[in-house]
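In: Quick one: sequence plus predicted model below, questions after.
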Amino acid sequence: MRVVVVGGTGLIRSPLVDILRDHGHDARSGFPGTGVDAFTGEGLDELLGGADVVVDVSNAPVWDADTAMRYVTRSTGHLTEAAVRAGVRHLVILSSLGVDNLPDKGCCRAKLAQERAVRDSGLPYSVVRTGLYFEFVELITGLAVRDGQARLPSTRVRPIAASDTALALAAVVENDPLQGVRRIAGPEVHRLDRLGEITLAGRSGLAVVTDETAGPFAGIPADVLTGDPGVETWATRYEDWCKERPLRCGRARTDTDSSLSHVV
């Protein structure tokens, strides 16, 4: 089966392509660095030619509501039109848990618009909504560090390893279109401030302070980001994942340290 994975930073795209190739599929990827740009439509027809399945793991590069909506609308329009022309038999898109319950968040409205556009395209489709990635917990915690403290809200989340997300996507690719939504997450529900404590464990001089007004996850209602009781859970635990890799964000941050600023 020929599978094309479009967009993304590589966090999901790269392991997904590797998994699909290991399973014997002809898997390839396209993103601006390879001359493929869904926002402009550049390179899509060439990339999608002969594809059986297309997986869109892209996201708006900004959080501004209007810009995010414009990016998603144009990109998804170009992608679905190219997929129809190529005779694609299954379009899979990556979304997020809670997007249907956070109408005040511009990024969530954009994701819902993307889901609607895919449903309305006439293509056989699957939507995979995933919990917060472990890798983003690292970044969020690092961005919250000021003067020896990480200020984080107690918002409940159910994070998942990016590697588990890639495995779940591969399983969707290899099966019939869902014509609906599949929800996936990690095995445990955590408070975000507790995840910060796990992330910074053993880092002397750094402490987590619970601040219900801090950051983009502040004020999100309970259980919106944890999925309903039917959410499909994957095995990797955050504490185990942290033990297996060096922490990148558990260091004191100075006013000149902007290494993580690209995620906001």
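Out: On my side now, so go ahead. Residues are numbered from 1 along each chain as shown.
In: and residue 6, how far is that from residue 77?
Out: 13 Å (C-beta to C-beta, to the nearest Å). Where C-beta positions appear, they are placed from N, C-alpha and C, glycine not excepted.
In: higher neighbour count, those two?
Out: residue 6 (28 against 16; other C-beta atoms under 10 Å).
In: burial count for residue 194?
Out: Around residue 194 there are 17 residues (other C-beta under 10 Å).
In: From residue 185, how far out is it?
Out: Using C-beta to C-beta, residue 194 is found at 16 Å from residue 185.
In: Which stretches in the stretch 151-264 of the chain count as helices?
Out: Per DSSP state H, counting those that start in this stretch, the stretch 151-264 of the chain carries helices over the ranges 162-173, 192-200, 238-243.
In: Those helices into a markdown table, with extra columns for mean pLDDT and distance to residue 116?
Out: Output for the helices of the stretch 151-264 of the chain, formatted as a markdown table (pLDDT from 0 to 100; distance: least, C-beta to C-beta, whole Å):
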| stretch | mean pLDDT | distance to residue 116 |
| --- | --- | --- |
| helix 162-173 | 97 | 19 |
| helix 192-200 | 92 | 29 |
| helix 238-243 | 90 | 32 |
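In: can I get the ones you listed in TSV with distance to residue 30?
Out: What follows is these, written out as TSV (distance: least, C-beta to C-beta, whole Å):
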stretch	distance to residue 30
helix 162-173	16
helix 192-200	33
helix 238-243	29
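In: quick one: which of those helices is nearest residue 102?
Out: helix 192-200 (15.0 Å; C-beta to C-beta).
In: Just the buried residues of stretch 95-107, please?
Out: When neighbours are counted by 16 or more other C-beta atoms under 10 Å, the buried residues of stretch 95-107 are found to be 95-99, 102, 105-107.
In: Angles on the backbone of residue 93, please.
Out: Main-chain torsions, residue 93, degrees, to the nearest 10: phi -120, psi 150.
In: partners of it in the sheet?
Out: Beta-bridge pairing for residue 93 (DSSP bridges): residue 56, residue 127.
In: That one: neighbour count?
Out: 26.
In: what's near enough to touch it?
Out: Residues in contact with residue 93 (C-beta atoms under 8 Å, 6 or more residues apart in numbering) are 55-56, 114-115, 118, 125-128.
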